[in-house]
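Novice: Mind folding the following:
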Amino acid sequence: MAQPWKTIESLATDEGILELRQRGERDFLIMIGSQVLMNSLAHRSEVVLGQLGCGHLKESERPRVLVGGLGMGFTLKAVLDTLPPTAQVVVAELNPAVHIWCQGPLAALSENAVNDPRVTVEIGDVARMIRRSAVDGGESRFDAIVLDLYRGPHAKTHQSDDPLYGSRAIENMRAALKPCGVVAVWGENYDEGFDKRLRSAGFSVSTERPGRGGLRHVVFLAHLKQVKKSGKRAS
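Specialist: Predicted coordinates:
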């Protein structure tokens, strides 16, 4: 007989009751209302998201990465495992309770990734952080932006005004990246409109569906194309 779920903590949010539930030693759920946001036993797409988003930075000297959404820490752990010891990782998480959970009952799942010395957790909206970086430029820009949010791009996403996946948001991500930077985005399903908006903004795009069989989420990987400088050869 399966063990019953135990609610570790629940709190009210603007979108409903956010809950952390546990069954057994390593079986956890994060829920909002009746919707499961994360299941600790199904996280392969989150791991691949972190690996692909930072794969180009393995040999970089001091890469700077923004991770949007902490969840149970699986994406962050994959990002840290891929990056060199000199990396700097900024995590944007809306709810401080999720940060506390990743330092407490969920810590073992990610080998306490949030307390890695390379990591800084900022409580706030990742879209605002991207806009801030786009405006400030310079050293505030990132080599990679990795978005692991419970609601990914979808067919009803507003083409221009969506704060994360619309064309204006994509332009902000482009401006917040260093040359040849990468945007990696988790989604429940492939969204052709999001793919097209990334390409229109000057990214080359590929998608992955990690795993075999069963529910397979999608990872969008967008590489910022390098602008070729034209010039005349001296005669």
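Novice: what are the phi and psi values for residue 193?
Specialist: In terms of degrees, to the nearest 10, the main-chain angles of residue 193 are phi -60, psi -40.
Novice: got the contact list for it?
Specialist: Contacts here follow Cβ atoms under 8 Å, 6 or more residues apart in numbering; on that basis residue 193 touches 153, 155, 157, 159. For the C-beta atoms, the positions are set from N, CA and C on the backbone; glycine is no exception.
Novice: Now render those as JSON lines, adding secondary structure, pLDDT and neighbour count.
Specialist: Shown next, in JSON lines, are these (DSSP: H, G, I helix; E, B strand; the rest coil; pLDDT from 0 to 100; neighbours: other Cβ atoms under 10 Å):
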{"residue": "153", "secondary structure": "coil", "pLDDT": "95", "neighbour count": "27"}
{"residue": "155", "secondary structure": "coil", "pLDDT": "89", "neighbour count": "9"}
{"residue": "157", "secondary structure": "coil", "pLDDT": "92", "neighbour count": "19"}
{"residue": "159", "secondary structure": "coil", "pLDDT": "93", "neighbour count": "13"}
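Novice: between those residues, which is nearest residue 39?
Specialist: For the contacts of residue 193, the closest approach to residue 39 (Cβ to Cβ) belongs to residue 153, at 20.9 Å.
Novice: my guess is that closest one meets residue 191, correct?
Specialist: Yes - between residue 153 and residue 191 there is a contact under Cβ atoms under 8 Å: 4.3 Å.
Novice: Would you mind listing where the chain has pLDDT under the threshold?
Specialist: Counting by pLDDT under 70, the ranges of the chain that qualify are 1, 212-215, 227-235.
Novice: where do the helices sit along it?
Specialist: 44-54, 74-82, 96-103, 126-136, 167-176, 192-200 (DSSP state H).
Novice: Of these, which is nearest residue 15?
Specialist: Here helix 96-103 is closest among these (Cβ to Cβ), at 13.2 Å.
Novice: what's the angle between the closest one and helix 74-82?
Specialist: Helix 96-103 runs at 50 degrees relative to helix 74-82, counting by axes from the mean of the first three to the mean of the last three Cα atoms, to 10 degrees.
Novice: May I see the buried residues of helix 96-103?
Specialist: Residues of helix 96-103 classed as buried: 97, 98, 99, 101, 102 (neighbour count, 16 or more other Cβ atoms under 10 Å).
Novice: These into a markdown table, with extra columns for distance to residue 57?
Specialist: Converted to a markdown table, those look like this (distance: Cβ to Cβ, whole Å):
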| residue | distance to residue 57 |
| --- | --- |
| 97 | 30 |
| 98 | 25 |
| 99 | 24 |
| 101 | 28 |
| 102 | 23 |
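Novice: list the buried ones in the longest strand seen in the chain?
Specialist: When the chain is parsed with DSSP state E, its longest strand is strand 177-187. Residues of strand 177-187 classed as buried by neighbour count (16+ other Cβ under 10 Å): 177, 178, 181, 182, 183, 184, 185, 186, 187.
Novice: out of the residues you listed, who's nearest residue 205?
Specialist: Taking Cβ to Cβ as the measure, residue 205 lies nearest residue 183 of the buried residues of strand 177-187, at 9.2 Å.
Novice: Spatially nearest residue to the closest one, not counting backbone neighbours?
Specialist: Spatial nearest neighbour of residue 183, excluding adjacent residues (Cβ to Cβ, 6 or more residues apart in numbering): residue 222 at 4.4 Å.
Novice: How about residue 28?
Specialist: Closest residue to residue 28 apart from its sequence neighbours, by Cβ to Cβ, 6+ apart: residue 40 at 4.2 Å.
Novice: One more: residue 226?
Specialist: residue 180 (5.5 Å).
Novice: wait, doesn't the one you found sit right on residue 224?
Specialist: Yes - assessed by Cβ under 8 Å, residue 180 is found in contact with residue 224 at 5.9 Å.
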